[in-house]
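# What shape does this take:
(chains A and B)
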Amino acid sequence: MEAIEVTDLRKAYGDTRAVDGVTFTVRAGETFGIVGHNGAGKTTTVECLIGLRRADAGTVRVLGEDPARRRRALAHRLGVQLQDSSLPERIKVGEALRMFGSFYRNAADWRRVMERWGLRPLARKAFGDLSGGQKQRLMLALALVGDPEVVVLDELTTGLDPIARRETWRLIGDLKTAGTTVVLVSHYFDEIEALCDRVAVFAHGRVEATGTTGELIARTGTASLEEAYLALEGADR
Amino acid sequence: MKAFTALTAAELRLLSRDPASLFFMVAFPLMLLVLKRGDGGAVPGYLAMIATIGGMGALPGLLASYRERKVLKRLATTPISPVLLLGAQLVAQVAAGLAGSVLLVVVAIAVFGVRAPGDVLMLAAAFLLCSVMVCALGFMIAAVVRNTRGASLIGMLVMFPMIFLSGAAVPRKALPGSLRQIGDFLPLTPAVKALGDAWSGTAASFPLLILAGIIVVATAAGAALFRWE
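Model (predicted):
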């Protein structure tokens, strides 16, 4: 079964064609990576997936639904971590988790999510007083408090220190074990290699290639995902 | 409903953690009352002032910061509508203003022996409409001015002349004729009048209708112009 199907997605802002014919599918239970340079169309694609933007053309289906039309129904089954979004400065960690939990029909126990993500010692700390890494961890926990079937994570570990990154990887691994579908947008090739079943390489608003890390490396005759990416991205210039 | 309650509770908690809001909506009007030696005639105006400080002094900057810092965008990815947050914000501001107002009225009556309001029901109606109206105006400002600092500044720039010229902070009788004429066109003036009339027990429904009209127009304008990001 496909959890996500994107077919010939197009989205322009004025004269800039941010997404120019993107097609890919994500299978249920799969961890799917999206890599690409800045302005490759990754975030716009993600925003179409979660119903924040309406595509100019093409179709998007998430769990069989059109996110642009059924955003709110779909949101109950979707967990999202956005690039540099935030919370009110004075809200406390525990309050934020409890409040977000109240938004979802089948929410997980927010206390358990807090425990799991190591946020319990910070429960009474205000968002504005958290370090960058702690904020990121909270935003990730908030993405999971609704017990989603599909999780979309934009810039998963940006701002985390190496230990926190590894810890986050482990937790993403747990999601995979639990059968959750994960879409991971990242700049870090080690992260994609470690976590993702398949990868889509975005360049200039298009998908340059899709496959497992091994397939992409074999196809480009390179030695690593990073080199494969550079070869694919360079071929487009 | 569960989500709305949670949002409203969170917004009220946030307001109670904001020292500026607490001071201006609770302590400041009490100070003015003491300075005026418990002049009962000033109290209805102060009620309008308390509401205005929340709705126009605080609300525009708050909404603009939620937009600028992508709090609204994050909420838009959850099953709730971001409109719910605006509603929660409104309820929280009205409730905070009400708390400050009740305290002021109780102190005025209990400590300074001010005569109790003549028509409590109409006073409550006037306060509610006044509160919602200033929040609608604050929402309109946040819709027009995009960044946080700008929205805060414009909110203040509109609020201060308005509380002085509408009779909220000082009686309109004390103003020179030309300034009083400007006051005739300010939306807060009918609110102060409605509150004063209700207090003295001579409430008329016309000022309330004006307030309701302003609420409808400001909300519609705000909704048409507001951008979520």
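# CA only for contacts and neighbour counts going forward, please
Noted.
# Chain B contacts on chain A?
Within chain A, the residues that sit near chain B (Cα under 8 Å from any Cα of the partner chain) are A:50-52, A:71-76, A:79-80, A:82, A:84-88, A:90-91, A:95, A:99, A:102-104.
# Generate a PyMOL selection restricted to the buried subset of those residues.
In PyMOL, this line selects whichever of the residues of chain A next to chain B come out buried by 16 or more other Cα atoms under 10 Å in any protein chain shown:
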select buried, chain A and resi 50+51+52+71+72+74+75+76+79+80+82+85+86+87+88+90+91+95+99+102+103+104
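# now, which of the residues of chain A next to chain B lie within helices?
Those of the residues of chain A next to chain B mapping onto helices are A:71-75, A:95, A:99, per DSSP state H.
# Tabulate these (JSON lines), appending pLDDT and distance to residue A:5.
What follows is those, written out as JSON lines (pLDDT from 0 to 100; distance: Cα to Cα, whole Å):
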{"residue": "A:71", "pLDDT": "92", "distance to residue A:5": "16"}
{"residue": "A:72", "pLDDT": "91", "distance to residue A:5": "19"}
{"residue": "A:73", "pLDDT": "93", "distance to residue A:5": "18"}
{"residue": "A:74", "pLDDT": "96", "distance to residue A:5": "14"}
{"residue": "A:75", "pLDDT": "95", "distance to residue A:5": "17"}
{"residue": "A:95", "pLDDT": "96", "distance to residue A:5": "35"}
{"residue": "A:99", "pLDDT": "96", "distance to residue A:5": "31"}
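# Return the per-residue confidence for residue 170.
Here I'm looking at chain A. In this prediction, residue A:170 carries a pLDDT score of 88.
# oops, chain B please
Reading off the model, residue B:170 has pLDDT 89.
# Tell me how far the residue lying closest to it once chain neighbours are set aside lies from residue B:176.
Counting by Cα to Cα, 6 or more residues apart in numbering or on different chains, residue B:170 lies nearest to residue B:164, which is 6.0 Å off, once chain neighbours are set aside. For residue B:164, the distance to residue B:176 equals 12 Å [Cα to Cα, to the nearest Å].
# hey, C-alpha coordinates of the lowest-mean-pLDDT helix or strand in chain B in CSV?
Least confident element among the helices and strands of chain B, by mean pLDDT, DSSP states H and E: helix B:19-22 (a mean of 87). C-alpha atoms of helix B:19-22 as CSV (Å, rounded to 0.1, in the frame of the first residue of the first chain):
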residue,chain,number,x,y,z
PRO,B,19,4.3,41.3,33.8
ALA,B,20,3.3,44.2,31.5
SER,B,21,-0.2,42.9,31.0
LEU,B,22,-0.7,42.3,34.7
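# what's the spacing between it and its chain's center?
Using Cα atoms, centre = their mean, to the nearest Å, the distance from the centre of helix B:19-22 to the centre of the chain it belongs to is 14 Å.
# ok, is that helix in contact with chain A or not?
No - using Cα under 8 Å from any Cα, helix B:19-22 never reaches chain A; the gap is at least 11.6 Å.
# which parts of chain B sit against chain A?
Counting by Cα under 8 Å from any Cα, chain B comes close to chain A at B:2-3, B:6-7, B:10, B:14, B:17, B:66, B:69-71, B:73-74, B:76-81.
# on that earlier part again, which residues does the least confident helix or strand of chain B contact?
B:15-16, B:54, B:58 (Cα atoms under 8 Å, 6 or more residues apart in numbering or on different chains).
# hey, C-alpha coordinates of the following helix or strand past that helix in PDB?
Proceeding N to C from helix B:19-22, the next assigned helix or strand is helix B:28-35, under DSSP states H and E. Taking C-alpha atoms only, helix B:28-35 is exported to PDB below (Å, rounded to 0.1, in the frame of the first residue of the first chain):
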ATOM      1  CA  PHE B  28      -2.300  50.600  36.900                       C
ATOM      2  CA  PRO B  29      -6.100  51.300  37.000                       C
ATOM      3  CA  LEU B  30      -6.100  50.800  40.800                       C
ATOM      4  CA  MET B  31      -3.200  53.300  41.100                       C
ATOM      5  CA  LEU B  32      -5.200  55.800  39.100                       C
ATOM      6  CA  LEU B  33      -8.200  55.300  41.300                       C
ATOM      7  CA  VAL B  34      -6.100  56.000  44.400                       C
ATOM      8  CA  LEU B  35      -4.600  59.100  42.800                       C
END
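# Give me the packing partners of helix B:28-35, helices and strands only.
helix B:43-52, helix B:82-110 (3 or more Cα pairs under 8 Å, 6 or more residues apart in numbering or on different chains; DSSP states H and E).
# count of residues packed around residue A:116?
12 (other Cα atoms under 10 Å in any protein chain shown).
# And it, how close does it get to residue A:123?
13 Å.
# got it, and residue B:134?
35 Å.
# who's more crowded, the two?
residue B:134 (32 against 18).
# what sits against that one?
Here residue B:134 is in contact with B:51-52, B:55-56, B:188 (Cα under 8 Å, 6+ apart).
# redo that, cut-off 6 Å
B:52, B:55 (Cα atoms under 6 Å, 6 or more residues apart in numbering or on different chains).
# So for the one helix or strand it maps to, what gets flagged as buried?
Residue B:134 belongs to helix B:120-144 when assigned by DSSP H and E. If you call a residue buried by 16+ other Cα under 10 Å, then helix B:120-144 has these buried ones: B:122-123, B:126-144.
# Stretch B:173-184 too?
Under 16+ other Cα under 10 Å, the buried positions of stretch B:173-184 are B:175, B:180, B:183.
# Inside helices: which ones of those residues?
Using DSSP H, the buried residues of stretch B:173-184 in helices are B:180, B:183.
# Which single one of the buried residues of stretch B:173-184 is nearest to chain A?
For the buried residues of stretch B:173-184, the residue nearest chain A by Cα to the nearest Cα is residue B:183; the value is 35.9 Å.
# Would you mind confirming that the closest one is in contact with residue B:164?
No - at 8.6 Å, residue B:183 does not count as touching residue B:164 under the criterion of Cα atoms under 6 Å.
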